[in-house]
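Student: let's see this in three dimensions:
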Amino acid sequence: MTIEFTYLAATLALALIQILLPAFARTREFGLSWNAGARDTTPEAHSPGVGRLERAQANLFETLPLFIGAVLIAQVADRIGALTAWGVALYFWARVAYIPLYALGVPYIRSLVWLVSLAGLALCLLALFIRV
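Tutor: Numbering: from 1, shown residues only. Next up is the predicted model:
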């Protein structure tokens, strides 16, 4: 398996973790009976951490389809190389770092880390158009 596919698989595992983190946080705040119920109404979270985890998840899901597409196209079109290898690594590790930074409410550094993930995505997209 290529490094690009390895990082893609790891990013999908990270996405699953980011689905579970806010779910566990909400269950901890509202209780197991709320989670087991129909959840017709979801109370407003009292902990800012719940909302932050949800927003971090939504943030990942905004760029994840682009990342998946770029990696798949690069692989199929035989455009993998240095740009994609750096791109997938930057994207993945920045997304990993982003979670605790967002959950803890760290400003500025969180935004810089997000920009690093975006740069990784841009490298993957760039590889589709130029060969290095």
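
Student: which helix or strand in the protein has the lowest average pLDDT?
Tutor: Using mean pLDDT, DSSP states H and E, helix 32-36 stands out as the lowest-scoring helix or strand of the chain, at a mean of 81.

Student: can you give me the strands in the chain?
Tutor: Using DSSP state E, no strands are found in the chain.

Student: which residue is nearest the centroid of it?
Tutor: The residue lying closest to the centre of the chain (Cα atoms, centre = their mean) is Leu60, at 3.5 Å.

Student: who's in contact with that one?
Tutor: Contact analysis of Leu60 by Cβ atoms under 8 Å, 6 or more residues apart in numbering lists 14-15, 18, 95, 98. C-beta here means a position set from N, CA and C on the backbone, and glycine is covered the same way.

Student: ditto for Ala56
Tutor: By Cβ under 8 Å, 6+ apart, Ala56 lies in contact with 18, 98-99, 102-103.

Student: likewise for Arg52?
Tutor: 102-105.

Student: in helices, which of the residues you listed fall?
Tutor: Of those, the ones assigned to helices by DSSP state H are 102-103.

Student: and the contacts of Arg52, which is closest to Ser117?
Tutor: Nearest to Ser117, judged by Cβ to Cβ, of the contacts of Arg52 is Tyr102 at 11.9 Å.
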